[in-house]
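J.: What follows is a predicted protein model with its sequence.
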Amino acid sequence: MDGARENFQAIVDLAPDDDLGYRFLGAVYFGEDEYGKAGKMFERSLAIEETFQTYYNLSTLYYYDQKYIDSIAMSQKALETSPDDFGTWRNLAEACRFAPGYEDSIRPAYEKAMELLQILLVQDPDDPENKADHASFCQKLGEPEKARAILADLEANYPELPPYVMFSMASTYEELGERDLALDWLEKALDEDISFKKVDRYPVLKNLQSHPRYLAMRKKYGE
């Protein structure tokens, strides 16, 4: 990441009035788990030009930084520009789960995200990320057996899953009460370089943090 950071810092230095340099540099800092620095870069980008992508980036950053109300606000700003963006509705639903006072917004946000996901599934029914999201939403919307069937399909028919899909599967298994499978898939994701710092701040996995296997992963993968 050092090379990317230096390159984007050079862009910022050469064009300090261009929002893109700050946005890209913020993305690098986020990838390095430097949330404070990432947030500053995204905020400077917004000060120059308000864009959907920067609001979306901030909604994701604030979620992992456990600033759920701020994440909701950024998702809402992003939706003003792109009201049918699936990823933003997903971010909004996830943040509403953990923000006090937003209980009534959780299910409508997931239902809207599911509606938009159905379009993506028609367009690309074999995409493993779409399938993992589908399993997650089925679990959250009260269809656990359907979620299990989708996860079983991913396990059986997709031998080379991306690490972020493995992480999503781990989260869904945990919410289904399948803790051993959650830990199995979490370790696979960490083996493929998913950030342990992001895992450790992911609220869905909070109840895993005292498990002996999780503590062993912290020792192995944590910094």
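T.: Looks like it arrived, so ask away.
J.: in the protein, which helix or strand is least confident?
T.: Within the chain, no helix or strand scores below helix 2-14, which has a mean of 78 by mean pLDDT, DSSP states H and E.
J.: contact partners of the top helix by length along the chain?
T.: Ordering each helix of the chain by length in residues (DSSP state H) puts helix 103-123 first. Around helix 103-123, the neighbours that count as contacts under CB atoms under 8 Å, 6 or more residues apart in numbering are 84-86, 89-90, 92-93, 96-97, 127, 130-131, 133-134, 137, 140-141. Where you see a C-beta, it was placed from the backbone N, CA and C, and this is true even at glycine.
J.: The closest residue to Lys188 other than its chain neighbours is in what secondary structure piece?
T.: Computed as CB to CB, 6 or more residues apart in numbering, the closest residue to Lys188 that is not its neighbour in sequence is Met166, at 4.8 Å. Taking DSSP states H and E as the definition, Met166 sits inside helix 163-175.
J.: and the helix or strand following that helix, how far out from the chain's middle?
T.: Downstream of helix 163-175, the next assigned helix or strand under DSSP H and E is helix 179-191. For helix 179-191, the separation from the chain centroid amounts to 17 Å (computed by CA atoms, centre = their mean, to the nearest Å).
J.: and helix 179-191, average pLDDT?
T.: When pLDDT is averaged over helix 179-191, the result is 97.
J.: For Asn91, see how far away Leu25 is.
T.: Leu25 is 21 Å from Asn91, where distance means CB to CB, to the nearest Å.
J.: need the contact list for Leu79.
T.: Leu79 makes contact with 85, 88-89, 92 under the criterion CB under 8 Å, 6+ apart.
J.: If we only consider these, which is nearest to Ser71?
T.: Checking the contacts of Leu79 against Ser71 with CB to CB, the nearest one is Leu92 at 8.0 Å.
J.: list the buried ones in the longest helix of the chain?
T.: Neighbour-count burial for helix 103-123 flags 105-106, 109-110, 112-114, 116-117, 121 (criterion: 16 or more other CB atoms under 10 Å).
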